[in-house]
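Undergrad: got a predicted model here, sequence first, then my questions.
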Amino acid sequence: MDMDSWSARTLLRYILLQLPGWILMLLLLLFLDRWVGLSNWLIAIVFACWVGKDVIMFPFVWRAYDQNPSRIVYRLLGAHGTAKERLAPSGFVQVHGELWQAEAIPGIAAIEKGERVIIREVRGLTLLVEPLNSGE
């Protein structure tokens, strides 16, 4: 499976989470129709635009609705980061703008603050890293 595409499950999750907003918009339009007398075509156009914006946004936001953790691991393996504190053997590294708990791989004495690292393995939410210059 392509690790950079959405699944049917992700699409279903997105639709189910958009459904309350669609229902509320429809109820608001129906309330406005009773209050000021909107035409049916105007209600249909406004509602279609409301749903359409969610359809247009899906390609940009689907990753936030994806619950497959292997996709995250897939992207992190081999990625480069920066040690935000001394890893002896554990601490924090910054990867793609996010702070992650990290440990130096066995056999590495310590990784100094500011040193560039490469991610070799992921265990749960902890990254196993080594200095960038040691493995490549």
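TA: Perfect, thanks for sending it.

Undergrad: okay, CA-based contacts and neighbour counts for the rest of this
TA: Will do.

Undergrad: strands along this structure, start to end?
TA: Assigned by DSSP state E, the strands in the chain fall at 80-83, 90-95, 98-104, 116-123, 126-131.

Undergrad: avg pLDDT for the third one?
TA: For strand 98-104, the mean per-residue pLDDT is 91.

Undergrad: got a markdown table for the strands of the chain, with mean neighbour count and distance to R34 too?
TA: What follows is the strands of the chain, written out as a markdown table (neighbours: other Cα atoms under 10 Å; distance: least, Cα to Cα, whole Å):
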| stretch | mean neighbour count | distance to R34 |
| --- | --- | --- |
| strand 80-83 | 22 | 58 |
| strand 90-95 | 21 | 54 |
| strand 98-104 | 18 | 49 |
| strand 116-123 | 19 | 57 |
| strand 126-131 | 23 | 56 |
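
Undergrad: wait, which of these is closest to P20?
TA: strand 98-104 (31.2 Å; Cα to Cα).

Undergrad: any idea of the angle the closest one forms with strand 90-95?
TA: 130 degrees (axes from the mean of the first three to the mean of the last three Cα atoms, to 10 degrees).

Undergrad: show the contacting residues for the residue nearest to V122 when sequence neighbours are not counted.
TA: Nearest residue to V122 in three dimensions, chain neighbours excluded: L128, at 5.9 Å (Cα to Cα, 6 or more residues apart in numbering). With Cα atoms under 8 Å, 6 or more residues apart in numbering as the criterion, the residues that contact L128 are 102-105, 119-122.

Undergrad: pLDDT score for L128?
TA: 92.

Undergrad: okay, it and L30: tell me how far apart.
TA: With the distance defined as Cα to Cα, to the nearest Å, L128 ends up 56 Å from L30.

Undergrad: I23 too?
TA: 11 Å.

Undergrad: cool, and R13?
TA: In terms of Cα to Cα, R13 sits 26 Å off from L30.

Undergrad: V36 - how many residues pack around it?
TA: Residues contacting V36 under the criterion other Cα atoms under 10 Å number 9.

Undergrad: do the same with the one 10 residues further on
TA: V46 is surrounded by 14 other residues when neighbours are defined as other Cα under 10 Å.
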